[in-house]
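[1] Build me a model from this:
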Amino acid sequence: MKALVWHGKEDIRYDTVSDPEIEDPRDAIVKVTSCAICGSDLHLFHNFIPAMLPGDIMGHEMMGEVVEVGSGMDGRLKKGDRIVVPFTITCGECEQCKRGNYSVCERTNRKKELADKVFGHTTAGLFGYTHLTGGYPGGQAEYLRVPFADTTHVKVPENLSDEQVLFLGDIFPTGWQAAAQCDIQKTDTVAIWGCGPVGQMAIRSAVLLGAKQVVAIDLLPERLSMAEAGGAITINFKEESVIERLNDLTEGKGPEKCIDATGMESHVSFAQPDTIYDRAKQLIAMESDRPHVLREMIYVCRPAGTISIPGVYAGLIDKMPMGLAMNKGLTFRMGQTHVRRWTDDLLRRIDDGEIDPSFVITHTAKLGDGPEMYNVFRDKRDSCIKVVLKP
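    Predicted coordinates:
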């Protein structure tokens, strides 16, 4: 089969690879009908995430048709079923899965020994990501083996298009979880840094959850326009002070809830002292991530407020104002997404017409065009916000 394969920094190739096979009774093989390039894929593209190996198949946002199932499926999944595949692989039986903490499943990381050493304790296996999370082949491919498929799937109805349901595998529940863990009240201002695909989903989730006002922060006009269409007040941080504008919008008190939908690759003006510091530290391998957004959120958040972090961080950050956070009594909530905790409700909302996640798609291309689309997505060419690939 054909797949998008990682060969090193900024080197994604459309290669011929071995077809996946059933390896366990709980496996299924899926013929991929749609997949997407995610912002998290760019972290791998830039080689910021450790433990990638040449030959690894990319992609963790995919869906398709089941073409083969293992003997242990017991009717829960059958040939011909149309499913979205969550990026978090879940056993459904461990203590964490029973609590709904699916992204920290205790059984699905097949490189558990490595993860235990690096993280202290293992987290769940993830598709198309590093060997710290299992090294599972991803879904930017013609076919995908889904381990623990009886619990790692979302069945979708035929009346909904791929484009409407594809993002149930990652960015929609990620944006929803970012908003949900803020415990939004009707009097809250929710400020969201980053208007990429996850930020766009967080904006609409915060609106659906009843926030008084949602404020979206970015610099790209096409992203800010999309955010405004979703009900957000927008701030272009290249043109005005984020801190001053947020204080103006909140009577000088700051937003109660702040969401970091940017993560480790915060791109801001190098004229700011902390961004110069972060770049210098990265160059000498003394820091892996650029946490400008986190610093700004801590500073501007209202005392006793909540900081929610769906943005991915890979390793070490420096010069974090923990004294400010402690004295202001801020609550931090973060983590990879517990996808299956949210998908039943979100699928219902899509089917009922409350939201159509396909609004975020700006580019659709063939899987074979994937290597070039990585460059388009990275460079934000042609107002690119979200890329869907068709095998």
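[2] Now do the same for the nearest residue to residue 141 once chain neighbours are set aside: helix, strand or coil?
    Spatial nearest neighbour of residue 141, chain neighbours left out: residue 3 (3.5 Å); criterion: CB to CB, 6 or more residues apart in numbering. C-betas here are computed from N, CA, C, even on glycine. Of the three states, residue 3 takes strand according to DSSP: H, G, I helix; E, B strand; the rest coil.
[3] Look up how far residue 58 lies from residue 3.
    Spatial separation of residue 3 from residue 58 under the definition CB to CB, to the nearest Å is 8 Å.
[4] Could you tell me which residues touch both of these two?
    By CB atoms under 8 Å, 6 or more residues apart in numbering, residue 3 and residue 58 have these common neighbours: 138, 140.
[5] any weak-confidence spans in the stretch 151-300 of the chain?
    Scanning the stretch 151-300 of the chain with the threshold set as pLDDT under 70 gives 267-271.
[6] That one: strands as residue ranges?
    Secondary structure of the stretch 151-300 of the chain, counting by DSSP state E, counting those that start in this stretch: strands at 154-155, 189-193, 213-218, 233-236, 257-260.
[7] Could I get the ones you listed in a markdown table, plus columns for distance to residue 23 and mean neighbour count?
    Converted to a markdown table, the strands of the stretch 151-300 of the chain look like this (distance: least, CB to CB, whole Å; neighbours: other CB atoms under 10 Å):
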| stretch | distance to residue 23 | mean neighbour count |
| --- | --- | --- |
| strand 154-155 | 22 | 16 |
| strand 189-193 | 41 | 29 |
| strand 213-218 | 43 | 25 |
| strand 233-236 | 48 | 18 |
| strand 257-260 | 37 | 29 |
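[8] which stretch among those strands comes nearest residue 358?
    Between residue 358 and the strands of the stretch 151-300 of the chain, the shortest separation by CB to CB is 16.2 Å, and it involves strand 154-155.
[9] for that closest one, packing partners?
    Using 3 or more CB pairs under 8 Å, 6 or more residues apart in numbering; DSSP states H and E as the contact criterion, the neighbours of strand 154-155 among helices and strands are strand 82-85, helix 339-351.
[10] hang on, residue 204 packs against residue 175?
    Yes. Here residue 204 lies in contact with residue 175, judged by CB atoms under 8 Å, at a distance of 7.3 Å.
[11] higher neighbour count, these two?
    Legend: neighbour count by other CB atoms under 10 Å for residue 204 and residue 175, higher for residue 175 (30 against 26).
[12] Ramachandran coordinates for the residue lying closest to residue 174 once chain neighbours are set aside?
    Distances taken as CB to CB, 6+ apart put residue 337 closest to residue 174, at 4.4 Å, once the chain neighbours are dropped. Main-chain dihedrals, residue 337, degrees, to the nearest 10: phi -80, psi 130.
[13] distance of the residue most central in space within the chain from residue 313?
    To find the centre residue of the chain, average its C-alpha atoms and take the closest one (CA atoms, centre = their mean): that gives residue 171, at 5.0 Å. The span separating residue 171 from residue 313 equals 17 Å under the rule CB to CB.
[14] cool, and residue 224?
    24 Å.
[15] Help me confirm that residue 377 comes into contact with residue 387.
    Yes. Counting by CB under 8 Å, a contact exists between residue 377 and residue 387, whose distance comes to 5.2 Å.
[16] the more surrounded of those two?
    For residue 377 versus residue 387, neighbours defined as other CB under 10 Å are more numerous around residue 377 (25 against 22).
[17] ok, the closest residue to residue 189 other than its chain neighbours to residue 249 distance?
    Nearest residue to residue 189, sequence neighbours excluded (CB to CB, 6+ apart): residue 255, at 4.2 Å. Taking CB to CB as the measure, residue 255 falls 8 Å from residue 249.
[18] Pretty sure the residue nearest to residue 141 sits against residue 142.
    Yes. In this structure residue 3 lies within contact range of residue 142 using CB under 8 Å: 6.9 Å.
[19] Between the two, which is the more surrounded one?
    Here residue 3 and residue 142 are compared on neighbour count by other CB under 10 Å; more neighbours surround residue 3, at 28 against 18.
[20] check contacts around that one.
    With contact set as CB under 8 Å, 6+ apart, residue 3 has these partners: 14, 15, 17, 57, 58, 137, 138, 140, 141, 142, 367.
[21] Now that we have the residues you listed, can you turn them into JSON lines and tack on pLDDT, distance to residue 50 and secondary structure?
    Formatted as JSON lines, the entries for the contacts of residue 3 read as follows, by pLDDT from 0 to 100; distance: CB to CB, whole Å; DSSP: H, G, I helix; E, B strand; the rest coil:
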{"residue": "14", "pLDDT": "98", "distance to residue 50": "25", "secondary structure": "strand"}
{"residue": "15", "pLDDT": "98", "distance to residue 50": "23", "secondary structure": "strand"}
{"residue": "17", "pLDDT": "98", "distance to residue 50": "23", "secondary structure": "coil"}
{"residue": "57", "pLDDT": "98", "distance to residue 50": "18", "secondary structure": "strand"}
{"residue": "58", "pLDDT": "98", "distance to residue 50": "16", "secondary structure": "coil"}
{"residue": "137", "pLDDT": "98", "distance to residue 50": "18", "secondary structure": "coil"}
{"residue": "138", "pLDDT": "98", "distance to residue 50": "17", "secondary structure": "coil"}
{"residue": "140", "pLDDT": "98", "distance to residue 50": "20", "secondary structure": "coil"}
{"residue": "141", "pLDDT": "98", "distance to residue 50": "23", "secondary structure": "strand"}
{"residue": "142", "pLDDT": "98", "distance to residue 50": "28", "secondary structure": "coil"}
{"residue": "367", "pLDDT": "98", "distance to residue 50": "27", "secondary structure": "helix"}
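[22] closest to residue 44 among those residues?
    Here the nearest of the contacts of residue 3 to residue 44, counting by CB to CB, is residue 58; it sits at 6.9 Å.
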